[in-house]
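Visitor: Any chance you could fold what I've pasted below:
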Amino acid sequence: MSTYRTLKGYSVKKVSSDPSNTQRGQIWYNSTTRQIKFTGNVGGTFASGGNLNTARWNSRATVGTQTAGIVYGGSNAPGSIIAETEEYNGTSWSEVTDMPSLITSNGGGGTQTAAFSSGGNTPGDNREDHTFNYDGTSWTSSGDMPFISAQAGGCGTQTAGVQCGGTQNPGNNKTNKTAHYDGSSWTDGGNFPINISYHAMTGTQTAALLGMHLKFDGSSPDQTNEFFEYNGSSWSAAGNQNNTRYAGAAFGIQTSAITAGGGAAGPGHQNKVESYDGTSFTNESNMVTGSNYLQGGGTSAAGLAFGGSGPAGSGPNQALNRTEEWNDPSDGTRTMDVS
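Guide: Now for the predicted structure:
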């Protein structure tokens, strides 16, 4: 943000009241309030929302909106897998119809009234290729994925979804495969450059963003700040995050997205937040509470991050019931620091 010192030598208009119909970048001095003001956007912030009824981590779908959120499956303790589904109305979560089976580390996407869950882990640490559709009332089985996938990101809609990477049987093998979902069946998409897992995805089937992953290509360290874009057929490198993290949340679209939380070597559960404009990442205000293996939904202007494991200092794999709401206001009148 600019300070008085950076403006010294320039003429700033003096007015007794704030002007109307201002444009981005306009600056003035309000002699009544004795403040330098400008029109612009100073970035978004996270604030606490309503708590989940069932604390959980490892539901990996990017799904829903800030006022119509949804979460399904996950883990609420080490070795414990749940089937509970909850819906968010912008204030509080309500328990609705359980999933057909216990499942965690599942991908998926869609909306509160048209969601899908894909892949994941079931009891006995079995990796799955199953898909389930949700219509706002009940769950039904759908076509299996073309490959087994757990700890993988998913996004898009129920009739145009996408999922990439993940952990497979046997021996925790990882994959680089991508698949497209049309609401009833899956088809192969373009392979990711390397085998990955524990990542986040957001966007659409033909314009997705993927990152905060662990690399399984023999490189060390396996954590990375790299992000990739998908155009519906192939993957290409995008801008790199400023902070290396894995198993965080992402929401928004390919050209306007937010990443939040995640894990990292040393500091553990992260509260870092960054915005992406289609070219580069910018650091934003931190989350209220750091966590990883959390889930996200919504847009870069109004999003959600919820559940997860953490926070730092609480020990590994402590399920959280927290919800945080992200709001990035549109342009408005801001007060400038003149200290």
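
Visitor: Using the record's assignment, carve the protein into domains.
Guide: 4-40, 45-327 (automatic domain parsing).

Visitor: Show me the shaky parts of the stretch 101-250 of the chain.
Guide: 170-171, 220-221 (pLDDT under 70).

Visitor: If we use 80, what do you get?
Guide: Applying pLDDT under 80 to the stretch 101-250 of the chain picks out residues 169-172, 219-221.

Visitor: where exactly do the helices run in it?
Guide: When secondary structure is read from DSSP state H, counting those that start in this stretch, the stretch 101-250 of the chain shows no helices.

Visitor: Pick the most buried one from the domains of the chain.
Guide: domain 45-327 (a mean of 21; mean count of other C-beta atoms under 10 Å). C-beta coordinates here come from the backbone N, C-alpha and C atoms, glycine included.

Visitor: Now do it: distance to the chain's middle.
Guide: Remark: domain 45-327 is offset 6 Å from the chain centroid, using C-alpha atoms, centre = their mean, to the nearest Å.

Visitor: quick one on the thing from earlier: so which of the domains of the chain is nearest T335?
Guide: domain 4-40 (5.2 Å; C-beta to C-beta).

Visitor: re earlier: I'd like the domains of the chain laid out as a markdown table, including distance to T335.
Guide: Output for the domains of the chain, formatted as a markdown table (distance: least, C-beta to C-beta, whole Å):
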| stretch | distance to T335 |
| --- | --- |
| domain 4-40 | 5 |
| domain 45-327 | 16 |
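
Visitor: what sits against the residue nearest to the spatial centre of the chain?
Guide: In the chain, the C-alpha nearest the mean C-alpha coordinate belongs to A250, at 1.8 Å (C-alpha atoms, centre = their mean). Going by C-beta atoms under 8 Å, 6 or more residues apart in numbering, A250 touches 62, 153, 200-202, 209, 211-212, 257-260, 296.

Visitor: Kindly report the same for S300.
Guide: 44, 251-253, 256-258, 275, 328.

Visitor: swap the cut-off to 7 Å and go again
Guide: Shown in contact with S300 (C-beta atoms under 7 Å, 6 or more residues apart in numbering): 252, 256-258, 275, 328.

Visitor: Equivalent analysis for T335, please.
Guide: So T335 contacts 35, 37 (C-beta under 7 Å, 6+ apart).

Visitor: 8 Å instead, please
Guide: 35-37.

Visitor: One more: R56?
Guide: R56 neighbours (C-beta under 8 Å, 6+ apart): 71, 73-76, 82, 84, 307, 319, 321.

Visitor: how about a cut-off of 7 Å?
Guide: By C-beta under 7 Å, 6+ apart, the neighbours of R56 are 74-76, 82, 307, 319.

Visitor: I figured V12 hits W28, correct?
Guide: Yes. Between V12 and W28 a contact is recorded at 6.4 Å, counting by C-beta atoms under 7 Å.
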